[in-house]
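J.: quick check, what structure comes out for this input:
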Amino acid sequence: MANILNNLNWNSLLDSLISLIAALACIIFHEVSHGYVAYRLGDKTAKDMGRLTINPFKHIDVFGLLSFVLFNFGWAKPVQIDPRNFKNPKRGMAISALAGPVSNFLMAIVFLFIYGLTVTVLSTGDIGPYVLALIARIVVFSVTLGVFNLIPMPPLDGSKILFAVASDELYYKLLRFERYGYIFLLLVILLNYQTNFLGTATEFVLNHLSFISQAAFNLVN
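T.: Numbers count the residues shown, from 1 in each chain. This is a model prediction of the structure:
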């Protein structure tokens, strides 16, 4: 895992471009996963709004993407889900919400494996190190986005998962707090600036997943 972290140089313009590409990949996969799972559970809202697409302009939240590039974590434009279309609204919302973070952790696992397979080959040459840096950035951003969205605070996915265990009356009252989402997100940014809790949590997860890249490395070396 130290090798992955060492490949992250956040300073240059090219590195910012790598961050942008990695952030878009993680955001798109996250949001499409929300919409697809909701669609499979009976809600066509995301499909009807054109969110089941890899077109980044359908998913970008400008401030969230800028936060990714500047602070190494961020968010996308939330996929609209109508819980009334689910047989069990709270359960459907919880599963659809959980699909986003789960998709990011799965994405991290896949790219960790790719990193282990390719690190020897891509460590040299003119282009290889940049490709390796992109793979590493996707791993880190995927984990960060997954951890970030599990925070039980509206409008993040963790709040919808937590609300699923509330009574029906309390559930719909709590959903009203989503209108204050940007205020909550600002608080998270400020808290992370003071404590770097997201960086700490991301490193913790990466350290526990590092065996994947090591296993892939051992396969080819």
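J.: when you work out contacts or count neighbours from here on, use the C-alpha atoms and nothing else.
T.: OK.
J.: what's the pLDDT at the most centrally placed residue in the chain?
T.: What sits nearest the mean C-alpha location of the chain, by Cα atoms, centre = their mean, is Leu145, with 2.9 Å. Looking at Leu145, its pLDDT is 92.
J.: wait, doesn't it sit right on Asn104?
T.: Yes: the pair Leu145 / Asn104 is scored as a contact, 6.9 Å apart, by Cα atoms under 8 Å.
J.: what is in contact with those two at once?
T.: Residues touching both Leu145 and Asn104 (Cα atoms under 8 Å, 6 or more residues apart in numbering): Cys26.
J.: what's around Asp168, how many residues?
T.: Using other Cα atoms under 10 Å, Asp168 has 13 other residues around it.
J.: do Leu190 as well
T.: When counting by other Cα under 10 Å, one arrives at 12 neighbours for Leu190.
J.: now it: which helix or strand?
T.: Assignment of secondary structure by DSSP states H and E places Leu190 within helix 181-195.
J.: avg pLDDT for that helix?
T.: The predicted model gives helix 181-195 an average pLDDT of 81.
J.: just the buried positions in the longest helix anywhere in the chain, please.
T.: Using DSSP state H, we find that the single longest helix of the chain is helix 89-122. By neighbour count, with 16 or more other Cα atoms under 10 Å as the criterion, the buried positions of helix 89-122 are 90-105, 107-109, 111-119, 122.
J.: so where is this protein shaky, pLDDT-wise?
T.: For the chain, the stretches with pLDDT under 70 are 1-11, 73, 170-175, 177-178, 180-181.
J.: go again using 80 as the cut-off
T.: For the chain, the stretches with pLDDT under 80 are 1-13, 64-75, 163-182, 184-185.
J.: with just CA atoms, put the helix or strand hosting the residue nearest to the centre of the chain into CSV.
T.: Here Leu145, judged by DSSP H and E, is contained in helix 128-149. C-alpha atoms of helix 128-149 as CSV (Å, rounded to 0.1, in the frame of the first residue of the first chain):
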residue,chain,number,x,y,z
GLY,A,128,3.5,4.1,-17.7
PRO,A,129,4.0,6.0,-14.5
TYR,A,130,1.1,8.3,-15.3
VAL,A,131,-1.2,5.3,-16.0
LEU,A,132,-0.1,3.8,-12.8
ALA,A,133,-0.8,7.1,-11.0
LEU,A,134,-4.3,7.1,-12.5
ILE,A,135,-5.0,3.5,-11.3
ALA,A,136,-3.7,4.5,-7.8
ARG,A,137,-5.9,7.6,-7.8
ILE,A,138,-9.0,5.6,-8.8
VAL,A,139,-8.3,3.2,-5.9
VAL,A,140,-7.9,6.0,-3.4
PHE,A,141,-10.8,8.1,-4.6
SER,A,142,-13.1,5.0,-4.8
VAL,A,143,-12.4,4.2,-1.1
THR,A,144,-12.7,7.8,-0.1
LEU,A,145,-16.0,8.3,-1.9
GLY,A,146,-17.3,5.0,-0.4
VAL,A,147,-16.3,6.1,3.2
PHE,A,148,-17.5,9.6,2.7
ASN,A,149,-21.0,8.5,1.6
